[in-house]
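Engineer: got a predicted model here, sequence first, then my questions.
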Amino acid sequence: MRIIISGGGTGGHIYPAITIAKEVAKLVNNCEILFVGTKHGLEADIVPKEGFNFTTIEVRGLERKISWQNVLTLFTTAGSVWRSVQIIRKFKPDVVIGTGGYVCGPVLLAASLLKIPTLIQEQNVIPGITNKILARFVDKIAVGYAEAERYFKKYKPDQIVFTGNPIRPEVMSATREEGQKVLGIKPDRLTLLVVGGSRGARSINTAMLGICKHFNGNESIQILHVTGQSEYNSIVGNIKQSGIELSGDGNIIIKPYLYNMPLALAAADVAVFRAGAVGLAELTARGIPAILIPYPYAAENHQEFNARVLENHGAAMVIADKELTDVKLIHSIETLLNNPQTVANMANKSRELGRPQAAETIAKLALSLKKP
Ligand SMILES: CC(=O)N[C@H]1[C@@H](OP(=O)(O)OP(=O)(O)OC[C@H]2O[C@@H](n3ccc(=O)[nH]c3=O)[C@H](O)[C@@H]2O)O[C@H](CO)[C@@H](O)[C@@H]1O
């Protein structure tokens, strides 16, 4: 069995690709997998670390206006479809899978032109532009939220399948004790995990300065704040300047990025998160109550729609990014800190939404497409 898998740009497209690829490899013997991404996306860092064969094509995103940049983009895209055709002809995949991001466009289009079976996975409630266009060509669309179905036109019978979003198996297998040990988290207090998506979130980082000052030295709470690579140094500088001790026995841990996120999730009691679909799938699979601050500039405001699914179910509270202040966030955190029953109820509600089997379902769906 030979599979090409493509997805890129942010963690929210890359981790689903890696997870599906690993699940496929578990289900069939001697499976060869080739990952197609771009040189500039996070995939160029993450995918080789995971041990996959990785090749790149050049792709650009279209601007939402008429511009010379877009003319250049169209030429680049034509080139990337041709490059994808070459990659596919050489690798000869049985199935091609896409998990979103611009890079999927040419790869899945080329596969469809060459009559190779195709599946795309859409993580969000509101589908991305690439997947909306690809819906015309692909055999199956695996959606992460049931609510997403209505945003796709159905081009083939049984084309859309509600599977949930794939999460890494380690998210389920990691234990709280191991997470606490590896990350240096004290076991006797509520652990708050703060993550602004795979690239970090400036507004959350800014508010966190006030939160760290407020909870510094508080023995009922432990904070693990992941800033994103780009703002890490300045955030750590600001926090140290305000007199907070980050090394030693403090209750605040700051990291630029977690390569071991499943351990952090295992140790977390409550999360402050953006509303990226994969992050939310991980939170609900583990049943972690959350305070969500959707990224307001996500395409068609899709993070807000993702977040509202959890909020409507009683699994999360939502704070609009424009209304985010340290005072407001402190208030929400304290509400949870002082109400363990609310935390427990939200945890149950969150778990009800989790789909820990999604990766296996998607992998089986993809394998079922192989031509005899
Ligand atoms: C700005 C934007 O448009 N973001 C989109 C992007 O989000 P983004 O990549 O931020 O989002 P997600 O939250 O969906 O996924 C992040 C992934 O990275 C992992 N992670 C994150 C931080 C870290 O330090 N370590 C780590 O491993 C998380 O555990 C998760 O597996 O793709 C998602 C899925 O299509 C969308 O819903 C988001 O709206």
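Structural biologist: Structure received. Keep in mind that what you see is a predicted model, and the values were worked out from it rather than measured.
Engineer: could you use CA atoms for every contact and neighbour count after this?
Structural biologist: Noted.
Engineer: what distance do you get for the nearest residue to Asn30 once chain neighbours are set aside to Leu337?
Structural biologist: Nearest non-adjacent residue to Asn30, counting by CA to CA, 6 or more residues apart in numbering: Met1, 6.8 Å away. Note on Met1: its distance to Leu337, by CA to CA, to the nearest Å, is 50 Å.
Engineer: quick one: buried residues of the lowest-mean-pLDDT helix or strand in the chain?
Structural biologist: When each helix and strand of the chain is scored by mean pLDDT, DSSP states H and E, helix 68-91 comes last, with a mean of 84. Residues of helix 68-91 classed as buried by neighbour count (16 or more other CA atoms under 10 Å): 70, 73-74, 76-77, 79-85, 87-88.
Engineer: could those go into a markdown table alongside distance to the ligand?
Structural biologist: Shown next, in a markdown table, are these (distance: CA to the nearest ligand atom, whole Å):
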| residue | distance to the ligand |
| --- | --- |
| Asn70 | 20 |
| Thr73 | 20 |
| Leu74 | 22 |
| Thr76 | 22 |
| Thr77 | 21 |
| Gly79 | 25 |
| Ser80 | 22 |
| Val81 | 22 |
| Trp82 | 26 |
| Arg83 | 25 |
| Ser84 | 22 |
| Val85 | 25 |
| Ile87 | 25 |
| Ile88 | 25 |
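Engineer: which parts of this protein sit against the ligand?
Structural biologist: 10-13, 15, 123-124, 197-199, 226, 257-259, 261, 276-279, 298, 303 (CA under 6 Å from any ligand atom).
Engineer: of the residues you listed, keep whichever come out buried.
Structural biologist: With burial judged by 16+ other CA under 10 Å, the buried subset of the residues of the chain next to the ligand is 10-13, 15, 123-124, 197-199, 226, 257-258, 261, 276-279, 303.
Engineer: still on that earlier bit, which other helices and strands does the least confident helix or strand of the chain contact?
Structural biologist: If contacts are counted by 3 or more CA pairs under 8 Å, 6 or more residues apart in numbering; DSSP states H and E, helix 68-91 sits against helix 104-113.
Engineer: neighbouring strands for the helix or strand following the helix it packs on, and are they parallel or not?
Structural biologist: Going down the chain from helix 104-113, the next helix or strand is strand 118-122, by DSSP states H and E. Take DSSP bridges as the rule and strand 118-122 pairs in its sheet with strand 95-98 (parallel), strand 140-143 (parallel).
Engineer: let's see strand 118-122 as CSV, backbone CA atoms only.
Structural biologist: Coordinates of each C-alpha in strand 118-122 appear next as CSV, following Å, rounded to 0.1, in the frame of the first residue of the first chain:
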residue,chain,number,x,y,z
THR,A,118,-8.8,10.9,-2.8
LEU,A,119,-10.0,11.9,0.7
ILE,A,120,-9.9,15.3,2.4
GLN,A,121,-10.3,15.9,6.1
GLU,A,122,-12.0,19.2,7.1
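Engineer: what pLDDT, on average, does it get?
Structural biologist: Averaged across strand 118-122, the pLDDT comes to 98.
Engineer: dump the residue contacts of Val161.
Structural biologist: Val161 makes contact with Lys140, Ile141, Ala142, Val143 under the criterion CA atoms under 8 Å, 6 or more residues apart in numbering.
Engineer: look at it and give its secondary structure.
Structural biologist: Of the three states, Val161 takes strand under DSSP: H, G, I helix; E, B strand; the rest coil.
Engineer: domain assignment for the chain?
Structural biologist: Domains of the chain are assigned by automatic domain parsing as 2-167+356-367, 170-353.
Engineer: and the last one, what's its mean pLDDT?
Structural biologist: Computed over domain 170-353, the mean pLDDT rounds to 96.
Engineer: measure that domain end to end?
Structural biologist: Length of domain 170-353, first residue to last, CA to CA: 18 Å.
Engineer: now do that domain: distance to the chain's middle.
Structural biologist: Remark: domain 170-353 is offset 15 Å from the chain centroid, using CA atoms, centre = their mean, to the nearest Å.
Engineer: for the stretch 151-300 of the chain, what spans make up the helices?
Structural biologist: All helices of the stretch 151-300 of the chain, identified by DSSP state H, counting those that start in this stretch, fall at 169-173, 176-183, 202-215, 232-241, 261-267, 277-286.
Engineer: give me the phi and psi for Phe35.
Structural biologist: The phi/psi pair for Phe35 (degrees, to the nearest 10) reads phi -100, psi 130.
Engineer: and it, bridged to which residues?
Structural biologist: Beta-bridge pairing for Phe35 (DSSP bridges): Ile5, Phe54.
Engineer: can you give me the neighbour number for it?
Structural biologist: If you count neighbours by other CA atoms under 10 Å, Phe35 ends up with 23.
Engineer: look up how far Gly51 lies from it.
Structural biologist: Here the criterion is CA to CA. By it, Phe35 lies 10 Å from Gly51.
Engineer: same check, this time on Gly11
Structural biologist: Separation of Gly11 from Gly51 (CA to CA): 16 Å.
Engineer: could you check the angle helix 104-113 makes with the least confident helix or strand of the chain?
Structural biologist: Angle of helix 68-91 versus helix 104-113, following axes from the mean of the first three to the mean of the last three CA atoms, to 10 degrees, is 50 degrees.
Engineer: contacts for helix 68-91 next, please.
Structural biologist: With CA under 8 Å, 6+ apart, helix 68-91 has contacts from 2, 4, 57-63, 106-107, 109-111, 114.
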